[in-house]
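What shape does this take:
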Amino acid sequence: LYGQSNANPPSRFLAEIPAELTETIGVGSAGFGPLSSDPAADFEAANPGWTAEAVVPVPQTGGYFLLARSGESGALRGVSLNRAGGVWGDFLRAERPAPAAEGLTAAALGEQGCTLVFGAVGAGLSGALEVRLLYGDGRSERQPVSPGQSFHFLLEGRPELAGVELLRDGQVLDRCTELW
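Numbering: from 1, shown residues only. Prediction:
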């Protein structure tokens, strides 16, 4: 109307343009507005007190899994992010408390053909540490991890999982079996 500003929301099809081919100007350029191409910035703006530690692309959906930690409690949150209205919003999440000083915390989050297993190890640990992901059929995967740090495994599909173990020099220090 005469004398008033009017703006429509951006087209949902803008989300299909690769971020490296776009430049945002105005409100969206800060990473928080309607044209944001930064899922970590959108998550942190919508979740004060949480810091994104890892952003993992999910090829099957064009979205991301994001792993974040609470600055206050040290809790972990895994979130499945997808664009809605040009902003990255979470529609699926799992959360776990901070690990004990010499322990492990872990969870699984799955959607549309992908599973993210994530967690963290306590800061009071030392030595050469690994986490081992255990599948229900007896297979396993390992990855090194540092004291106080988070970890994640991106899996295809939704495999049967038996748990996650924390190892030092091949010896099991802690185990999480309730991932879902």
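
Check the gap between Ser150 and Phe65 for me.
As judged by C-beta to C-beta, to the nearest Å, Ser150 and Phe65 stand 12 Å apart. Any C-beta I mention is one placed from the backbone N, CA and C, and that applies to glycine too.

do the same with His152
8 Å.

between the two, what contacts are shared?
Common neighbours of His152 and Phe65 are listed as 56, 78, 116, 118 (criterion: C-beta atoms under 8 Å, 6 or more residues apart in numbering).

For the third one, give me its contacts.
Taking C-beta under 8 Å, 6+ apart as the contact definition, Leu116 lies against 56, 65, 67, 78, 80, 108-110, 152-155.

Please repeat the previous calculation with a cut-off of 6 Å.
Remark: with contacts taken as C-beta atoms under 6 Å, 6 or more residues apart in numbering, Leu116 is in contact with 65, 78, 109, 152, 154.

how many neighbours does the residue nearest to the fourth one when sequence neighbours are not counted have?
Going back to what we said before, that points to His152. The shortest distance from His152 to any residue that is not its chain neighbour, by C-beta to C-beta, 6 or more residues apart in numbering, is 4.3 Å, and that residue is Phe118. Phe118: 28 surrounding residues under other C-beta atoms under 10 Å.

Return the list of strands paired to the helix or strand harbouring Phe118, each annotated with direction.
Per DSSP states H and E: Phe118 is located in strand 114-121. Strand 114-121 pairs in its sheet with strand 104-111 (antiparallel), strand 150-156 (antiparallel), by DSSP bridges.

And the residue nearest to His152, what's its pLDDT?
What the model reports for Phe118 is a pLDDT of 90.

contacting residues for it?
With contact taken as C-beta under 6 Å, 6+ apart, Phe118 is in contact with 67, 78, 152.

ok, of those residues, which one's closest to Leu104?
Proximity to Leu104 was ranked across the contacts of Phe118 by C-beta to C-beta; first place goes to His152, at 13.4 Å.
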